[in-house]
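> need coordinates for the following:
(one chain, ligands or ions: 1)
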Amino acid sequence: MSNIPKDAIQCLDKGFVRLVDSMGGDEAIVQAARVSYGKGTTKLSQDRGLIRYLMRHRHTTPFEMVEFKFHCKMPIFVARQWVRHRTANINEYSLRYSEARDEFYYPDPEHIQFQSALNKQGRMGDVSDELKQKVREYFREISDRSFEIYSELNDAGVARELARAILPVNLYTEWYWKNDLHNLLHFVGLRSDSHAQYEIRVFSDAMAESVKAVAPFAWEAYQDYVISGLRFSRIEQSLLEQNLPVRVIDDILEDIIYQITATLHHNKPRKENELYPLYQKQGGNDAEADFMLKWDSGEIETSNVRELREFKEKLLTIKK
Ligand SMILES: Cc1cc2nc3c(=O)[nH]c(=O)nc-3n(C[C@H](O)[C@H](O)[C@H](O)COP(=O)(O)OP(=O)(O)OC[C@H]3O[C@@H](n4cnc5c(N)ncnc54)[C@H](O)[C@@H]3O)c2cc1C
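Numbers count the residues shown, from 1 in each chain. A predicted model of the protein is given here:
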């Protein structure tokens, strides 16, 4: 489409998302967090660890230090969903001031499906080519006809603010949309989810590309702790407590202790004879011979000590 700016990501048939400007990135999150935590981190790996810690503990305000401004073009029915995200600053193309353009969304045949029987807010199943054709014809017919009437009313001098009400919600609109990283991640979390409508998902996915580029550590942490993270309700925990054998929890705890030991050693290498005492100090119960066998197996991964200790605490809460 010729109307799509060169630096934009095309969305749907005529829409786009274009990152106009951004302020800060991972470093701005760390800088803000240092105000809370003192001198803190200096190395890149420490920055990543701090960002992951903040995300894990829902310490969200440092993420608000990063700002994004997008220029977006989307059908009005997508904008209606989008505008529910109240923390953004928006400036939209005005149909009171300017004339509407003959730009309507026509769904691709592959996205024309039946109403889902399982999800009241979804679609599923294969529609016949004949019905798809009919849907597309109706979209076109109503768009063309409404635009014809709109133009006629406009030419007759009827106020644009009133004439526009004749236009359907597949008409494209445009806006500048500015938000901070915390709220943008929240938006992407909801609107790139498989439960969100396809037509808004493509815009959300396009904005996610900017987040990945501008704040890669924050993006990674959001995926790990929010999108892929699991939370258990009180009732779910009680079921786990009742049914998870203590033996299984103990096995996991042992693995965690090995990981903690390996990570401590990785961060500050110890002499060989200091390894087993270090492991014991972390609470490890294996005999020294078994410890050496496993240690030499090369299967132990390193991670983040603080995170591993937090996981250990969580497991202990469901161990009777
Ligand atoms: C799959 C899906 C289906 C949906 N279906 C419907 C539907 O059928 N009907 C419908 O009406 N909506 C529907 N919505 C919209 C939904 O209810 C929310 O309005 C929308 O997702 C915005 O979420 P939010 O309020 O968390 O986000 P934002 O408005 O961006 O707010 C971000 C966060 O800021 C805080 N916040 C912002 N404003 C306030 C405030 N005034 N008071 C307190 N806290 C505030 C909240 O913590 C909020 O989570 C749907 C959304 C999704 C993703």
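
> for the rest of this, base every contact and every neighbour count on C-alpha atoms.
Fine.

> the ligand contacts on the protein?
84-87, 183, 190-191, 195-196 (Cα under 6 Å from any ligand atom).

> farthest pair in these?
Across the residues of the chain next to the ligand, the longest distance by Cα to Cα is 21.6 Å; it joins 87 and 195.

> low-confidence ranges, the stretch 51-200 of the chain, go.
The stretch 51-200 of the chain contains no residues with pLDDT under 70.

> mind listing the helices for it?
Counting by DSSP state H, counting those that start in this stretch, the segments of the stretch 51-200 of the chain that form helices are 76-82, 129-155, 160-163, 181-191, 198-214.

> got the angle for the fourth one vs helix 198-214?
Helix 181-191 runs at 140 degrees relative to helix 198-214, counting by axes from the mean of the first three to the mean of the last three Cα atoms, to 10 degrees.

> residues of helix 181-191 that come out buried?
Within helix 181-191, the residues that qualify as buried by neighbour count (16 or more other Cα atoms under 10 Å) are 181-185, 187-189, 191.

> re the thing from before, in TSV: the helices of the stretch 51-200 of the chain, plus distance to residue 262.
Below are the helices of the stretch 51-200 of the chain laid out as TSV (distance: least, Cα to Cα, whole Å):
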stretch	distance to residue 262
helix 76-82	46
helix 129-155	58
helix 160-163	67
helix 181-191	33
helix 198-214	30
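
> between those, which one is closest to residue 70.
helix 198-214 (8.2 Å).

> the residue lying closest to residue 195 once chain neighbours are set aside: how many residues sit nearby?
Leaving out its chain neighbours, the residue that sits closest to residue 195 by Cα to Cα, 6 or more residues apart in numbering is residue 122, at 7.4 Å. Residues lying near residue 122 (other Cα atoms under 10 Å) number 16.

> and residue 122, what is it in contact with?
By Cα atoms under 8 Å, 6 or more residues apart in numbering, residue 122 lies in contact with 115-116, 195, 197.

> go through those residues and give me the one with the most neighbours.
residue 197 (16 neighbours).

> which residues touch it?
121-122, 191.

> circling back to that earlier point, ok, the residue nearest to residue 195 to residue 112 distance?
11 Å (Cα to Cα, to the nearest Å).

> same thing with residue 84?
25 Å.

> residue boundaries of the strands in the chain?
9-11, 15-23, 67-75, 89-92, 114-115, 123-124, 172-180 (DSSP state E).
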